[in-house]
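*Asks:* give me the fold of what follows.
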Amino acid sequence: MNNATSTPTPVLGSRPPQWLPGSRPPLWVPGDWNAFFGFGTNILVNLLTMTGLLKYVLQFPDELVFGRILPAAGLMLFLSSAWYAYMAYDLMRKTGRRDVCALPSGPGVGHMFIGTLLIMLPIKIQTGDPIKAWEAGLAWVFLQSVVFFVFSIFGSWIRKNTPRAALLATLSGIGITYIGMRPALEMMSTPLIGLLCFAVILVGWFGRVRFAFGMPAGLIALLVGTLIAWGSNLVGLNIGGLSFSGLMDSFNHFGFSVPIPAIGHTFSGFEFLPLLIVTAIPFGIYDLIEALDNVESAGAAGDEYSTKRVLLTDGIVSLVGGFMGNPYNLNVYIGHPGWKAMGGRCGYAFATAGMALVLTWFGIIAVLLSIIPVVAALPILLFIGMLIGSQAFQETPLRHAPAIILGMMPHIASWTASKIESALAATGVNHVDAAMMQAINAKGVMLDSLVIFGNGSALSGVVLAAMAVFVIDQKLYRAAAFCAAGSVFTGLGFMHGERIGWTEHPQLAASYLLVALFLAGCGKFAKLPARSTVQEAALSH
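*Replies:* Got it, this is the predicted structure:
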């Protein structure tokens, strides 16, 4: 799977040759090219998204975007990618394994939108001051980092006592919806680029087709998409939305900017503490669950990293990035099995660390945005979504499949509700009153239930899937414990609620508690038939 002539395959779990622990692993292997072009493209797309939100949604001045925020984001990316590359290198050195893949990390796209739309944009509108909005974003990152520090103490315990199927199920839901669906839809809107680039990714990474000169599939996809986009301009079709005038304008952003400490700006943002605290805590917990899921995903792919070490890394690097001017926190990314399947080890993360500094400190982001059509890179995200969506089924016993489906459903509800609400907002409907909600529900849409089911989906997916796993395994007391926890989380607003607050959905919280009592009663009084050896074998494979 990882030699100079083979093409990586997304089949996980095979054991390559090993050397003696303590010997020096290679810093770069051929598979790192595939992972670098894939993950590097992912980082590029995320940085372009960040730039678009800052410039066109928040309308921050260029000197703030290109002179302060992007250099700080680049520093954060450099620190996290280099550190996780070192962790992978160190794990290879200690264990003697040559198939260890570094954890991917960077600013989460979902949290870019949350920090932009829920924190900075309201304050920008309220005050008309981009600096105050930026400061609020920095303070929000500080609060989320504190949440990570606090919960890092319990991270290993949570991971140990939560079924693997439950942790991977919620990742599968995210992979199918928030990671995979948007790229798939974008491909359908620009199929001449999207589908052809996806075909390159598909045959290169799933079909293991070897391309000329050993060129990575990710690089070929970008080249194909770029050639189609610029070639279409020659015949007046303008597929991909690129233009020569836009390319010339992008060179105005060339320059050299290094991050400047913004500690004072961070603490100035605490004047908006009431707004910040109600979102920082729940989203900090969301990030915690997502980080635990991603560490478990890496473990399922064969790479066991310290949960506490990962959580502390995310918290510390986010804090450093915030103090230097970046208003978006760091996340361990979903997708480790995908980069590992491409052949990535530690080298791709080292290379990404260097790329992040070059892109953000020299003003290259705007130029690349005007050369490469974004739709050419999106099939890589769809590939990652496909792998993550399937991993929960591949790395857990077959009998847990129904629980995985249940754990995915809150994310499907959340994604669907968000699209319906966005469609309503596009028509000028920013608030759905009771009469309108009743009319929508009468058509079978059940928007209010979609919103409730989808709120806090990262946490509710874990709770529901864990409950189902323990019921399937006839460990009813543990199933009852997760239901009881679901009752508390629902009562506090961490599950199913739009905000933190006791008894936002009292009937739902009480229902979880009643189910917990029922399951505990079954565990105490019910006679559970033992599965036969044949049944157990059939359900486990």
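
*Asks:* longest helix in this structure, please.
*Replies:* When secondary structure is assigned using DSSP state H, the longest helix within the chain turns out to be helix 273-300.

*Asks:* ranges for the helices of the stretch 51-200 of the chain?
*Replies:* 62-64, 70-95, 109-114, 121-127, 130-151, 155-161, 164-174, 182-189, 191-201 (DSSP state H, counting those that start in this stretch).

*Asks:* deepest of those, which one?
*Replies:* Across the helices of the stretch 51-200 of the chain, averaging neighbours per residue (mean count of other CB atoms under 10 Å) puts helix 164-174 on top, at a mean of 28. Just so you know, the C-beta spots here come from the backbone N, C-alpha and C atoms, and that holds for glycine as well.

*Asks:* okay, the angle between that helix and helix 273-300?
*Replies:* If you take axes from the mean of the first three to the mean of the last three CA atoms, to 10 degrees, helix 164-174 sits at 120 degrees to helix 273-300.

*Asks:* helices or strands next to helix 164-174 in the packing?
*Replies:* helix 273-300, helix 374-394, helix 401-426, helix 457-472 (3 or more CB pairs under 8 Å, 6 or more residues apart in numbering; DSSP states H and E).

*Asks:* now the element after the first one, going C-ward?
*Replies:* Same thing as helix 273-300. Counting by DSSP states H and E, the element after helix 273-300 in chain order, helix or strand, is helix 307-323.

*Asks:* centre of the chain to that following helix, how far?
*Replies:* Relative to the chain's own centre, helix 307-323 is displaced by 16 Å; criterion: CA atoms, centre = their mean, to the nearest Å.

*Asks:* over to stretch 217-224?
*Replies:* Distance of stretch 217-224 from the chain centroid (CA atoms, centre = their mean) equals 23 Å.

*Asks:* distance-wise, check Ala439 relative to Leu424.
*Replies:* 12 Å (CB to CB, to the nearest Å).

*Asks:* ok, these two, which is more surrounded?
*Replies:* Leu424 (16 against 12; other CB atoms under 10 Å).

*Asks:* which residue packs closest to that one, ignoring adjacent ones?
*Replies:* Val432 (6.7 Å; CB to CB, 6 or more residues apart in numbering).

*Asks:* ok, the one you found - contacts?
*Replies:* Counting by CB atoms under 8 Å, 6 or more residues apart in numbering, Val432 touches 421, 424, 440, 447.

*Asks:* tell me the contacts of the first one?
*Replies:* Taking CB under 8 Å, 6+ apart as the criterion, Glu421 is in contact with 432, 447, 451.

*Asks:* which of the residues you listed fall in helices?
*Replies:* In this view, the contacts of Glu421 that belong to helices under DSSP H are 447, 451.

*Asks:* got phi/psi on Phe37?
*Replies:* Torsion angles at Phe37 (phi, psi; degrees, to the nearest 10) stand at phi -70, psi -30.

*Asks:* quick check: it vs Ala341, distance?
*Replies:* 14 Å.

*Asks:* next one: Leu171
*Replies:* In terms of CB to CB, Leu171 sits 15 Å off from Ala341.

*Asks:* returning to that earlier point: of the helices and strands packed on helix 164-174, which shows the lowest average pLDDT?
*Replies:* Between the helices and strands packed on helix 164-174, the one with the least mean pLDDT is helix 273-300; it has a mean of 76.

*Asks:* nearest to Leu138, out of the helices and strands packed on helix 164-174?
*Replies:* Proximity to Leu138 (CB to CB) singles out helix 273-300 among the helices and strands packed on helix 164-174, at 10.3 Å.

*Asks:* how far off helix 70-95 does the closest one point, in degrees?
*Replies:* 30 degrees.

*Asks:* which residues does the nearest residue to Asn252 once chain neighbours are set aside contact?
*Replies:* Excluding the flanking residues, the one nearest Asn252 by CB to CB, 6+ apart is Ala366, at 7.9 Å. Contacts for Ala366 (CB under 8 Å, 6+ apart) come out as 51, 66, 250, 252-253.

*Asks:* which one of the helices of the stretch 51-200 of the chain has the poorest average confidence?
*Replies:* Among those, helix 109-114 scores lowest, with a mean of 70.

*Asks:* report the lowest-confidence entry in the contacts of Glu421.
*Replies:* Val432 (85).

*Asks:* got the confidence number for Arg345?
*Replies:* 94.

*Asks:* actually, Cys483.
*Replies:* 97.

*Asks:* what of Ala516?
*Replies:* If you check Ala516, the pLDDT there is 97.

*Asks:* identify the residue nearest Ala73 in space, chain neighbours excluded?
*Replies:* The nearest residue in space to Ala73 (CB to CB, 6+ apart) is Asn326, at 4.5 Å.
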